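[1] need coordinates for the following:
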Amino acid sequence: MNEAAIREAAEQLVAARRDMRLLPGLPERCRPRTPDEAYAIQESFLRFWGGGVAGWKIGATSAEALRMLALDDPFYGPVFSPVVMRSPAEPAAAKYSMRAIECEFAFRLGDDLPSRGRPYGREEVTEAIQSLIPAIELIDTRYDSFTNYGGIALIADCGANGGLVLGEELTDWRRIDLPAHRVALDVDAERKAEGTGKIVLGSPLEALFWLVGERVRRGAGLRAGEVITTGTCTGLTLMAPDQTAVADFGELGKVQVRFVQ
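    Here you go, the predicted structure:
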């Protein structure tokens, strides 16, 4: 893709997000064909959007999600500051086309991990973690279909992130067996899904290691204070307006969201 096509795609996605309208995909002339092209559009989007980035989401961290989105690897996208909420959260239903949620483990960084000429070691990344946070990611897209255009298109659309609801932060997190830790999702007191951290690339930490490596490879990095949400442990759950979702992370606490009309 040339710069004009990248810019056109980014401008269309920015306008659609600001106007809260849906697109029938991107035009053929500016449709990304590779992850590199999609990330170039994402970076252009960030320049046009101008909003503060509070962190990053990681998607397609399960085998099921990779198959559904026709991807070989996970992907990432920005999480903007205005859509990061504390539990219990009540976002406006009208602002979301999908009203889809995912229960996830998130990390807040206490140290910068800037771009550099060599990869970060796992212990370096682990030492940079300030806290572990139970979270619900709000999934949303500016396309009129979540699956018809494939995962590469979702990368361009900021990884399909619509928001993030955070629970209580735990600084003494290393004692938690993340792969084995269970998460349960109830909607209006009815059990909808269950899972463990193992679904996320074997462990949510593995997802974080992947993101750090990918950002450094692309000449970027991560900043202290940013929140990284690592991918769903419970699949994708669609909600109707005024339903209440509660993600139970056991000793880590509960996270609640309701899309209000």
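
[2] confidence-wise, which helix or strand of this structure is lowest on average?
    Using mean pLDDT, DSSP states H and E, helix 63-69 stands out as the lowest-scoring helix or strand of the chain, at a mean of 91.

[3] how about the residue lying closest to Ile155 once chain neighbours are set aside, what does it touch?
    Nearest non-adjacent residue to Ile155, counting by C-beta to C-beta, 6 or more residues apart in numbering: Ala38, 3.6 Å away. Yep, even glycine has a C-beta here, placed from its N, CA and C like the rest. Contact analysis of Ala38 by C-beta atoms under 8 Å, 6 or more residues apart in numbering lists Pro32, Phe75, Ile152, Ala153, Ile155, Ala156.

[4] show me the contact partners of the least confident helix or strand of the chain.
    With C-beta under 8 Å, 6+ apart as the criterion, helix 63-69 contacts 59-60, 71-74, 147, 150-151, 154, 231-232, 235.

[5] can you give me how far it is from the chain middle?
    The chain centre lies 15 Å from the centre of helix 63-69; the measure is C-alpha atoms, centre = their mean, to the nearest Å.

[6] what packs against the next helix or strand after that helix?
    Next along the chain after helix 63-69, taking DSSP states H and E as the criterion, comes strand 75-80. Applying 3 or more C-beta pairs under 8 Å, 6 or more residues apart in numbering; DSSP states H and E, we find strand 75-80 packed against helix 35-49, strand 53-59, helix 150-156, strand 161-166, helix 204-217.

[7] dig out what the spatially most central residue of the chain forms beta bridges with.
    Centroid-nearest residue in the chain, with C-alpha atoms, centre = their mean: Lys57, separated by 2.6 Å. Beta-bridge partners of Lys57, counted by DSSP bridges, are Gly77, Thr229.

[8] so how far is Phe80 from it?
    Here the criterion is C-beta to C-beta, to the nearest Å. By it, Lys57 lies 11 Å from Phe80.

[9] any shared contact partners between these two?
    Taking C-beta under 8 Å, 6+ apart as the criterion, Lys57 and Phe80 both touch Asn161.

[10] if we can go back for a sec, list the buried ones in the least confident helix or strand of the chain?
    For helix 63-69, the neighbour count (16 or more other C-beta atoms under 10 Å) marks Ala65, Leu66, Met68, Leu69 as buried.

[11] could you dump that helix to CSV, C-alpha only?
    The C-alpha trace of helix 63-69 is given here as CSV (Å, rounded to 0.1, in the frame of the first residue of the first chain):
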residue,chain,number,x,y,z
ALA,A,63,-6.6,-21.3,18.8
GLU,A,64,-10.3,-20.7,18.3
ALA,A,65,-9.9,-17.0,17.7
LEU,A,66,-7.0,-17.5,15.2
ARG,A,67,-9.2,-19.9,13.2
MET,A,68,-12.2,-17.6,13.3
LEU,A,69,-10.2,-14.6,12.1
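
[12] isn't Glu37 right up against Ile6?
    Yes - judged on C-beta atoms under 8 Å, Glu37 makes contact with Ile6 at a distance of 7.4 Å.

[13] which neighbours do these two have in common?
    Residues touching both Glu37 and Ile6 (C-beta under 8 Å, 6+ apart): none.

[14] thinking again about what came up before, by neighbour count, which of the contacts of Ala38 wins?
    Within these, Ala156 tops the neighbour count with 30 neighbours, counted by other C-beta atoms under 10 Å.
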